[in-house]
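Visitor: Here is my input, please return the structure:
(2 chains)
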Protein chains: 2
Amino acid sequence: MENTNSESFKRVTQVGIVVRDIERSCKAWARLLGLETPRIVETEVPEVTGMVYKGKASGGRAKLAFFQLENLSLELIEPIGGPSSWSEFLDRNGEGIHHIAFKVDDIGSAKDILRDVGVNVEQEGNFTGGSYAYTEPDSPLGAILELLSY
Amino acid sequence: MENTNSESFKRVTQVGIVVRDIERSCKAWARLLGLETPRIVETEVPEVTGMVYKGKASGGRAKLAFFQLENLSLELIEPIGGPSSWSEFLDRNGEGIHHIAFKVDDIGSAKDILRDVGVNVEQEGNFTGGSYAYTEPDSPLGAILELLSY
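Guide: From the prediction side, this is the model:
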């Protein structure tokens, strides 16, 4: 197996959960985990994110909150308008686990590895300090993966 | 916050993905991860599992395969008949990330903690060497949790 980049996919760095009401879910998770309720932030404006969804520029946005666990972070995501992987997931499935994320050195080469496995990227963009890509929901992996570079 | 058992929920030990064709998904994940294709096993018979789903004994079964990553294991699950959280998930959502699992010392007390947060268990049972419980899909947490004791 000449998969020289497989180191990228050895560790799940984040689990992302799409919810309808992030305040409510934050409270429930904080209570379960015995942690403070985290700050809720909004994804940045399209001028910063340069977000592309299904091949087109999109102003899709979301509220986000993060809980740091011992071995990964939990991300809560409430879509707040515009086309995105998050809002499509919520429309199709309701609330649920949207993605698992892998930290990669280079999103471009990670996308090449995924393409070799028959998996394409559906959404990508930047945030202050990094960039990300989500794979399409229907793929041989059976799950949406996020590539995270920061 | 007097959540003395919150240590149980500090670490995600497993991510479970429900798929339609476990052989196909095993091959894709093995290629992505640069790992051997794992052995595919079937859940044990009802006499061993004592499985209860939505309050009733169930003969629901699945094929399973596991990939050990650095910080957690990935479980692939193909439902193969009978009522279960897995088959209901596949019928409702198609393929996707079914659960995140937490290893707990005592499933009974972990269920009490979850009940305090407004989350109920929908399926539970035993396997050789341990036992497990899945929470219901609709809850303030926005995700199915598995409690694992072994």
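Visitor: quick one, phi/psi of the closest residue to A:Glu95 other than its chain neighbours?
Guide: Leaving aside its sequence neighbours, A:Glu95 sits nearest to B:Gly142 (CB to CB, 6 or more residues apart in numbering or on different chains; 4.1 Å). No exception for glycine: its C-beta is placed from N, CA and C like everyone else's. Phi and psi for B:Gly142, reported as degrees, to the nearest 10, are phi 80, psi 10.
Visitor: just checking, B:Gly142 touches A:His98?
Guide: No - if you go by CB atoms under 8 Å, B:Gly142 and A:His98 don't touch, sitting 9.5 Å apart.
Visitor: higher neighbour count, those two?
Guide: The neighbour comparison of B:Gly142 against A:His98 (other CB atoms under 10 Å in any protein chain shown) goes to A:His98, with 29 against 25.
Visitor: just to revisit the earlier point, any common contacting residues for B:Gly142 and A:His98?
Guide: A:Ile17, A:Val18 (CB atoms under 8 Å, 6 or more residues apart in numbering or on different chains).
Visitor: Touching the strand or helix carrying A:Ser131 from outside, list them.
Guide: Element membership for A:Ser131 (DSSP states H and E) is strand A:130-135. Strand A:130-135 has contacts (CB under 8 Å, 6+ apart) with A:85, A:99, A:101, A:107, A:110-111, A:114, A:119-126, A:141, A:144-150.
Visitor: Out of these, which are close to chain B?
Guide: Residues of those in contact with chain B (CB under 8 Å from any CB of the partner chain): A:His99, A:Leu114, A:Val119, A:Leu141, A:Ile144.
Visitor: Make TSV from these and add secondary structure and neighbour count to it.
Guide: Shown next, in TSV, are these (DSSP: H, G, I helix; E, B strand; the rest coil; neighbours: other CB atoms under 10 Å in any protein chain shown):
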residue	secondary structure	neighbour count
A:His99	strand	28
A:Leu114	helix	22
A:Val119	coil	21
A:Leu141	coil	25
A:Ile144	strand	24
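Visitor: Residue ranges in chain A under the pLDDT threshold?
Guide: A:1-6 (pLDDT under 70).
Visitor: Kindly recompute the last result at 90.
Guide: A:1-8 (pLDDT under 90).
Visitor: any idea where the strands of it begin and end?
Guide: A:14-18, A:41-42, A:52-53, A:56-57, A:62-68, A:73-79, A:96-103, A:121-127, A:130-135, A:144-149 (DSSP state E).
Visitor: Same list, those strands, but as TSV with distance to B:Gly34 please.
Guide: TSV is the format used below for these (distance: least, CB to CB, whole Å):
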stretch	distance to B:Gly34
strand A:14-18	21
strand A:41-42	35
strand A:52-53	29
strand A:56-57	33
strand A:62-68	28
strand A:73-79	24
strand A:96-103	13
strand A:121-127	20
strand A:130-135	18
strand A:144-149	15
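Visitor: can you tell which of those is closest to B:Arg39?
Guide: Proximity to B:Arg39 (CB to CB) singles out strand A:96-103 among the strands of chain A, at 22.4 Å.
Visitor: which outside residues touch that closest one?
Guide: Outside strand A:96-103, the residues touching it (CB under 8 Å, 6+ apart) are A:8-9, A:11-18, A:75, A:77, A:85-86, A:89, A:110, A:132, A:134, A:143-150, B:15, B:93, B:96-100, B:137, B:142-144.
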